[in-house]
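> Just the structure for this:
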Amino acid sequence: MPRVYASRYNTLIPLLNDRMLAYNSASGGFALWEADEYLRFNELSQGETDVDHQSIEDFLMGGYLVDTAIDEFELLRQEYHGHRANPNAVILTIAPTLACNFACDYCFQGQDKPDETISEDVAEALFDHARRTVPEQGHLHVAWYGGEPLVRIKRIEQLAREFQAICAEKQAHFDSMVVTNGYKLDVAMVQRLQKLNVNLIQVTLDGDAGHHDKMRYLLSGAATFNRIFNNLKAIAAANLGVRILIRVNIDVRNAEGIHKLIDRLADNGIGKQNNIDIYFAQVEASTPGCHSSASKCLSRHDFSDLELRLIYHAWRRNLSNLPYPPRMLGLCGAVKDKSIVVLPNGDLHKCWDTVMSGGHRTGSLLEPASAEDENNLQRWAAWSPFDNQACQHCSTLPICAGYCPYKFIYPNETLGEAAGLPCPTWKYSLKDRLIWQAMASGVITEADLPAGMGQDQQHIIPVAHTRPVAKEGCQ
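Numbers count the residues shown, from 1 in each chain. From the prediction side, this is the model:
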């Protein structure tokens, strides 16, 4: 029988009668252990060998115990860097313009946005890039971004049709998504986008009308909620098949009004039945362009607690699943070898949070890279959560994988708590979410929970990852 040790990625949740919910973030294993199974786990993890063979195989299969010949941290590191270096997938995040018809006060790009559109020279350089980098039978993914991309829909159509032709020639898969404020997203627009291989559209609603219109308004100051909401109603009624993801940005101003939005959406027939989901995001003062929003940010703990309640309410109203712990959230395009962000002038970046900072660019489609460009690119290539001491010792590293590399690489550009704690809310609410999963699947009931269970995120002691953390708020 192999010698084993307890995985560093276990999360154990005690239940009544000495039973245990056991989750392993490296394997994704999730199980209910009876009292005798938990006893065997403890015996094995402490070196006991007089245990039946099937017991140890079950614990090894779930990842709860690891053979001493295996370094689970190194295995995870290799998996992570293998995904970063995937040669078969090319990701292009393209801003056809940085211009926007909105004047959202917390926009990370600030209020002074350039109005230019991708030129023919930049378009041709983009096509050349795709021809060089997309492999035969590979995958090209394009994220249309801005600014507000739909104010330049004709340019998107021109670019997307050429990408379709390039991928057809290479027998490569092509898909895309759009991040839009939703103001121009009527049924006809969705149908145009579907012809361009768009299968996901993200739209933002920051609460019901009273809250949303104070945070997301036109350049003229006019309200936007009703038009966006009516667009979503029409799209839901048309049942077009494209997935719509509603993002809700939350700060102290609208935190208590999101339940009303969820109810209004559900009461109007908008939900998973017509391929529309909702998720929640914390407003952060993450770039110089939005530092003015710092005083309005929720603390990590307060947002995590609110998000839990909102997810549960959205699930009950059929606007969301109860999310299972994800895998390596930090594997975003910013750290992938074959991923770039393209601005209208041809400048290249690795992360869309840096697009308003010319000094952070990593190259250009139209000119040779400068020494500064190369240095910036190297900063992204060299960064890894596996080199960060706080991440190395975190049991949720397989879920998080650094989560937001930008906050590690440019920590001084984010104000407040988020700079020192660039962690997903999963870290603060994992046990509560796992309990929900077990209850929703009928594995346990409330009668199995000890008194006070579900308050674990209140007792987490934050560990600063990049610089000291403010105790409360975002100031």
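> Quick check, Pro344 in contact with Ile94.
No: judged on CB atoms under 8 Å, Pro344 makes no contact with Ile94 at a distance of 9.1 Å. For the C-beta atoms, the positions are set from N, CA and C on the backbone; glycine is no exception.
> Looking at those two, which has the bigger crowd around it?
Ile94 (25 against 22; other CB atoms under 10 Å).
> what sits opposite the closest residue to the more buried one other than its chain neighbours in the beta ladder?
The shortest distance from Ile94 to any non-neighbouring residue, by CB to CB, 6 or more residues apart in numbering, is to Val342 (4.9 Å). Here Val342 sits in beta bridges with Ile94, Leu348, going by DSSP bridges.
> Report the backbone C-alpha coordinates of the lowest-mean-pLDDT helix or strand in the chain in PDB.
None of the helices or strands of the chain scores lower by mean pLDDT, DSSP states H and E than helix 417-420, at a mean of 73. C-alpha atoms of helix 417-420 as PDB (Å, rounded to 0.1, in the frame of the first residue of the first chain):
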ATOM      1  CA  GLU A 417      -8.400  46.600  -0.300                       C
ATOM      2  CA  ALA A 418      -8.600  45.000  -3.800                       C
ATOM      3  CA  ALA A 419      -4.900  45.800  -4.400                       C
ATOM      4  CA  GLY A 420      -3.700  43.800  -1.500                       C
END
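> now the next helix-or-strand element following that helix: how far from the chain's centre is it?
Going down the chain from helix 417-420, the next helix or strand is helix 426-440, by DSSP states H and E. Chain-centre distance of helix 426-440: 18 Å, with CA atoms, centre = their mean, to the nearest Å.
> Output the contacting helices and strands for helix 426-440.
Other elements packing on helix 426-440 under the criterion 3 or more CB pairs under 8 Å, 6 or more residues apart in numbering; DSSP states H and E are strand 10-14, strand 20-24, strand 30-33, helix 300-316, helix 397-400.
> can we see that at 7 Å?
strand 10-14, strand 20-24, helix 300-316, helix 397-400 (3 or more CB pairs under 7 Å, 6 or more residues apart in numbering; DSSP states H and E).
> between it and strand 10-14, how many degrees?
Helix 426-440 and strand 10-14 meet at an angle of 50 degrees, taking axes from the mean of the first three to the mean of the last three CA atoms, to 10 degrees as the criterion.
> what comes up buried for stretch 131-148?
Neighbour-count burial for stretch 131-148 flags 134, 138-148 (criterion: 16 or more other CB atoms under 10 Å).
> Repeat that for stretch 157-174.
159-160, 162-164, 166-167, 170, 172, 174.
> What about those residues, which are in helices?
If you go by DSSP state H, the buried residues of stretch 157-174 have 159-160, 162-164, 166-167, 170 in helices.
> List the contacts of Ala281.
Neighbour list for Ala281: 247-250 [criterion: CB atoms under 7 Å, 6 or more residues apart in numbering].
> what about 10 Å?
The contact partners of Ala281, by CB atoms under 10 Å, 6 or more residues apart in numbering, come to 204, 206, 247-250, 303, 307, 425.
> now swap in Tyr106 and tell me
Tyr106 touches 206, 215-216, 249, 251, 253, 283-286, 289-290, 292-294, 296-297, counting by CB under 10 Å, 6+ apart.
> Need the phi and psi values for it.
Recorded main-chain torsions at Tyr106 are phi -100, psi 10, according to degrees, to the nearest 10.
> Please tell me how far it sits from Thr204.
According to CB to CB, to the nearest Å, Tyr106 stands 11 Å off from Thr204.
> Residues that sit against both of the two, list them.
215-216, 249.
> Next, format these as TSV and append neighbour count and secondary structure.
Listed next are these as TSV, based on neighbours: other CB atoms under 10 Å; DSSP: H, G, I helix; E, B strand; the rest coil:
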residue	neighbour count	secondary structure
Met215	23	helix
Arg216	25	coil
Asn249	21	strand
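> Rebuild the residues you listed as a markdown table, extending it with distance to Phe127.
Formatted as a markdown table, the shared contacts of Tyr106 and Thr204 follow (distance: CB to CB, whole Å):
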| residue | distance to Phe127 |
| --- | --- |
| Met215 | 38 |
| Arg216 | 34 |
| Asn249 | 34 |
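> which one among those gets closest to Glu74?
Comparing these against Glu74 with CB to CB picks out Asn249 as the nearest, at 38.0 Å.
> isn't that closest one right up against Met215?
Yes: using CB atoms under 10 Å, Asn249 makes contact with Met215 at a distance of 7.5 Å.
> show me where pLDDT drops low in this protein?
1, 49-53, 109-113, 454-475 (pLDDT under 70).
> mind listing the strands for it?
Secondary structure of the chain by DSSP state E: the strands cover 4-6, 10-14, 20-24, 30-33, 65-67, 89-94, 139-144, 173-180, 198-204, 243-250, 276-282, 339-342, 347-349, 363-364.
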